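[1] model the following, please.
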Amino acid sequence: MSPNTSPPVQVVSYAQLRATAGEGVGSYGSVRRFRVNLSTEPTSSERWFVQFFSKENNLSPTDSQLWLHDVSWRKKIKQGTWTLGQFRPPFSLQRLTIDRQLLVPDRATASDLLSPAGGMGRSFGRDLGVQFEGRGFSVGLFRGSGALQQVGSGTGGPLVVGRATQHFGSIQWGGSLALRHSNTQDFSRVFPGAKSFSGWDTRAELDVATQQGPWRMSAEYLVGHLDGNLKRRAEGGYLDVAHQLTPSTELVAQVQTYSPNLGTNGLTLGLNVIPHDKRNRLQVAYLRHHQERVQVQYQYFLFGK
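    Model (predicted):
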């Protein structure tokens, strides 16, 4: 293989190691995320992408297993890009942000749960479907009951999802809408009492993001509504702010809210250290949401970046 020839399969792998101390959980260490991404050449008109994922000692029922997150085929045409497989539906600015680029160690509760494939433990925010992405918009049709590995939560669908974005100078505005008809779907993690829901499920969100000098900000408001054998509503949002101190360090803050059932307000304050090569990343965060915690997370790329 010549020096200028790319390998047929690109490999990117990274791990996030976390130490947590706080009320009700004591002190423990964990592998928050370990990922292996396999893909074909990203600049070609067709691309295959496969992502494997595992985590350890996060006090979660999905620990200590190997999961298949993404399996997708993308085809670029003149009008846009088609994607087919298992992947994230085009909904929520923060949900679509890859975890290694999150401002604080974890996504806000509202973004995590109110995304249409959120609240399904084994789906990890993914679903099976097809999507078309054009300039400033995405629209997709999905199975509606989560990733292939999600079992025992009932059935829903089909799920129709659309997202649009628009830039005005340095400000980006966005919005998403998702709609499906569910049959005995378990949404109890998102809507209290919705263990076996049948009926219409609607999710919507609005978001804004901007960067001005050393400051950057993003905010999002999300709402979900069930209308069927029971009626439920949940809503929430967040505001993220970062101030760059040096080329490799930034102060960060997040305020969030979510209701009902999981508490209303949360605050995260932190420091991110990201060296120039971006192979390593250190995040130190203080969280006050339900209980007080301190987290230190170190991210390291084993292959690629």
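
[2] once you drop chain neighbours, what's closest to residue 236?
    residue 110 (3.0 Å; CB to CB, 6 or more residues apart in numbering). Backbone N, C-alpha and C define where each C-beta goes, glycine included.

[3] okay, now the one you found: neighbour count?
    Residues lying near residue 110 (other CB atoms under 10 Å) number 30.

[4] so it belongs to a strand, correct?
    No. Under DSSP: H, G, I helix; E, B strand; the rest coil, residue 110 falls outside any strand and is assigned helix.

[5] and the residue nearest to residue 65 when sequence neighbours are not counted, what pLDDT?
    Spatially, and ignoring its direct neighbours in sequence, residue 65 is nearest to residue 54 (6.8 Å; CB to CB, 6+ apart). Residue 54 carries a pLDDT score of 96 in this model.

[6] residue 54 contacts residue 67, doesn't it?
    Yes. Taking contacts as CB atoms under 8 Å, residue 54 lies within contact range of residue 67: 6.7 Å.

[7] hmm, residue 188 is touching residue 226, no?
    No. In this structure residue 188 lies outside contact range of residue 226 using CB under 8 Å: 11.2 Å.

[8] settle it for me: which of the two has more neighbours?
    Taking other CB under 10 Å, residue 188 and residue 226 do not tie; residue 226 has more neighbours (23 against 16).

[9] can you say which helix or strand has that one in it?
    Element membership of residue 226, judged by DSSP states H and E, is strand 215-228.

[10] for that strand, buried residues please.
    Buried residues in strand 215-228, defined by neighbour count with 16 or more other CB atoms under 10 Å: 216, 217, 218, 219, 220, 221, 222, 223, 224, 226, 228.

[11] what comes into contact with stretch 267-276?
    Outside stretch 267-276, the residues within contact range by CB atoms under 8 Å, 6 or more residues apart in numbering are 103-105, 242, 247-256, 280-289.

[12] how far off centre is stretch 198-207?
    In terms of CA atoms, centre = their mean, to the nearest Å, the centre of stretch 198-207 is found 17 Å from the chain centre.

[13] also stretch 239-254?
    Mean-position distance between stretch 239-254 and its chain equals 20 Å (CA atoms, centre = their mean).

[14] for stretch 133-144, same thing?
    Centroid displacement of stretch 133-144 relative to its chain, using CA atoms, centre = their mean, is 16 Å.

[15] which positions within it qualify as buried?
    For stretch 133-144, the buried set under the neighbour-count rule, 16+ other CB under 10 Å, comprises 133, 138, 139, 140, 142, 143, 144.

[16] among the residues you listed, which one lies nearest to residue 63?
    Distance to residue 63, by CB to CB, is smallest for residue 143 among those, at 25.6 Å.

[17] residue 71 is in contact with residue 86, isn't it?
    Yes. Residue 71 sits in contact with residue 86 when judged by CB under 8 Å, with a separation of 5.0 Å.

[18] neighbour-wise, which of the two wins?
    When residue 71 and residue 86 are compared for neighbours, residue 86 comes out ahead with 23 against 19, by other CB under 10 Å.

[19] and the residue nearest to residue 65, helix, strand or coil?
    Under the three-state scheme (three-state DSSP), residue 54 adopts strand.

[20] same question for residue 275.
    Under three-state DSSP, the three-state class of residue 275 is coil.

[21] any idea how far it lies from residue 299?
    The gap separating residue 275 from residue 299 is 11 Å, by CB to CB, to the nearest Å.

[22] same check on residue 215?
    23 Å.

[23] contacting residues for the residue nearest in space to the middle of the chain?
    Most central in the chain under CA atoms, centre = their mean is residue 95, positioned 3.0 Å from the mean C-alpha point. Taking CB under 8 Å, 6+ apart, we find residue 95 in contact with 88, 107, 111, 112, 115, 118, 125.

[24] with secondary structure and pLDDT as extra columns, can I get those residues in TSV?
    As requested, the contacts of residue 95 are exported to TSV (DSSP: H, G, I helix; E, B strand; the rest coil; pLDDT from 0 to 100):
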residue	secondary structure	pLDDT
88	coil	96
107	coil	93
111	helix	94
112	helix	92
115	coil	95
118	coil	89
125	coil	92
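
[25] what about residue 77, how many neighbours?
    Residue 77 sits with 9 neighbouring residues when counted by other CB under 10 Å.

[26] quickly list what it is bridged to.
    For residue 77, the beta-bridge assignment (DSSP bridges) gives partners residue 80.
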